[in-house]
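S.K.: Next comes the sequence, and after it the predicted model I'd like to discuss.
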Amino acid sequence: SRLEHLLRAALEKNEFELYYQPQIELETGRLVGAEALIRWHSSDGMISPDRFIPIAEKTGLIDPITDWVMTTACTQAREWQNILPGIRVAVNLSAISFRQVDFVNKVREVLEFTQVSPDCLELEITETAIMADFKEAERILNSLDELGVHLAIDDFGTGYSSLSYLKRFPVDKLKIDKSFVMKLDQNQDDAAITAAIISMAHAMGTKVLAEGVEEKTHMLFLKERGCEEAQGYFFARPMPAADFLVWCEQEG
Ligand code: G
Ligand code: G
Ligand code: MN
Ligand code: NA
């Protein structure tokens, strides 16, 4: 397809960029992290990762893209340490890259190359990606945990994982999917599910981040229930690295 053809050349032509969305600690209002979200400025205009990541996954292009994302995000994390000490950068992992042979060594290499502390890198894996091969996922997650990087389960609540399974994984954080958080005001079921995820996560010693926080009322609901972190348009949209720093100066 045309898109596949363009995608093959995109890495060489340097057409990708990472945007960063602030992650806020609710108790203190402090900036604690940034989620890296890939953007593709193609010759056809901006193309969403929702469209090109599935193509990259089918064509084997996802592994070089994941390498580029990890290296770029860690280089940025290293650069930010002087001005934003301790800030953590979160990277989204495709299920395919996560299961790539030698993925754990890849992560180790990127950390060494960029001189970033593993404590400043968070890897996001979706619930669905984990449950696709539970045993294999457990093995990889344990190796990543030994490396010292943080692990988060993305889009939590949309898949079919049981919390009792998750208890066996060395996961630091659940990210409640934005589909629940966005409707906290209008939908009692979503409010109940969100509250239940927070208390169950806490019962297993796991932190919670709520995504898709668009309203102050959502933020207050989450804070009241002890949700540790949040991200969403209420705080800031994903933005280029330069804008991210400007935003930090204005906030801080
Ligand atoms: O930022 P945005 O809403 O456009 O992201 C759309 C989807 O693309 C989300 O599911 C997000 O997790 C995914 N995505 C964004 N950046 C990356 C990336 O670097 N790698 C992978 N695998 N997925 C990403
Ligand atoms: O799948 P993942 O959770 O990684 O995707 C995050 C996606 O959510 C990104 O595309 C990002 O642009 C988007 N996003 C971030 N904050 C908000 C928000 O407050 N509302 C909505 N609708 N989308 C958001
Ligand atoms: Mn994510
Ligand atoms: Na998500």
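M.R.: Happy to help now that I have it. Ligands and ions are numbered 1, 2, ... in the order given.

S.K.: Tell me the secondary structure of the residue lying closest to residue 239 once chain neighbours are set aside, please.
M.R.: Distances taken as Cβ to Cβ, 6 or more residues apart in numbering put residue 19 closest to residue 239, at 5.7 Å, once the chain neighbours are dropped. To be clear about C-beta, it is placed using only N, CA and C from the backbone, and glycine gets the same treatment. Under DSSP: H, G, I helix; E, B strand; the rest coil, the three-state class of residue 19 is strand.

S.K.: what do you get for the one 5 residues further on?
M.R.: Following three-state DSSP, residue 24 is assigned to strand.

S.K.: count of neighbours near the residue nearest to residue 239?
M.R.: If you count neighbours by other Cβ atoms under 10 Å, residue 19 ends up with 17.

S.K.: Report the separation between it and residue 67.
M.R.: Residue 19 is 18 Å from residue 67, where distance means Cβ to Cβ, to the nearest Å.

S.K.: Check residue 180 too.
M.R.: Distance from residue 180 to residue 67, by Cβ to Cβ: 32 Å.

S.K.: which bits of this protein sit near ligand 4?
M.R.: Counting by Cβ under 5 Å from the ion, the residues of the chain lying close to ligand 4 are 154-155.

S.K.: ok, 8 Å please
M.R.: Contact residues, the chain versus ligand 4 (Cβ under 8 Å from the ion): 124, 126, 154-156, 175, 177-178, 211.

S.K.: and the residues you listed near ligand 3, which?
M.R.: Near ligand 3, judged by Cβ under 8 Å from the ion, the entries from the residues of the chain next to ligand 4 are 124, 154-155, 175, 211.

S.K.: still on that earlier bit, take the residues of the chain next to ligand 4 and keep only those in strands.
M.R.: The strands in this structure, assigned by DSSP state E, contain 124, 126, 154-156, 175 from the residues of the chain next to ligand 4.

S.K.: need the residues you listed in a markdown table with neighbour count, can you?
M.R.: Shown next, in a markdown table, are those (neighbours: other Cβ atoms under 10 Å):
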| residue | neighbour count |
| --- | --- |
| 124 | 21 |
| 126 | 22 |
| 154 | 25 |
| 155 | 20 |
| 156 | 26 |
| 175 | 27 |
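
S.K.: Would you point out the most distant pair within those residues?
M.R.: The distance between the two most remote of these (Cβ to Cβ) is 10.3 Å, for 124 and 156.

S.K.: who touches both of the two?
M.R.: Jointly contacting residue 124 and residue 156 under the rule Cβ atoms under 8 Å, 6 or more residues apart in numbering are residue 175.

S.K.: show me where the stretch 101-250 of the chain has helices.
M.R.: In the stretch 101-250 of the chain, the segments counted as helices under DSSP state H, counting those that start in this stretch are 103-114, 127-132, 134-147, 163-166, 178-181, 188-203, 216-224, 241-251.

S.K.: Wait, a strand at residue 40?
M.R.: Yes. Looking at residue 40 with three-state DSSP, it is inside a strand.

S.K.: and it, what does it touch?
M.R.: Shown in contact with residue 40 (Cβ under 8 Å, 6+ apart): 7, 10, 15-17, 46-47, 49, 52.

S.K.: Skip the chain neighbours and tell me the closest residue to it.
M.R.: residue 47 (4.7 Å).

S.K.: Help me see whether the helix or strand hosting residue 76 makes contact with ligand 1, please.
M.R.: Per DSSP states H and E: residue 76 is located in helix 62-80. Yes. Under the criterion of Cβ under 6 Å from any ligand atom, ligand 1 is reached by helix 62-80 at residue 69.

S.K.: Run through who's touching that helix.
M.R.: Helix 62-80 is contacted from outside by 11, 16, 18, 20, 36, 38, 53, 56, 87-89, 91-94, 96-97, 100, 106-107, 110-111, 113-116, 120-121, 241, using Cβ under 8 Å, 6+ apart.
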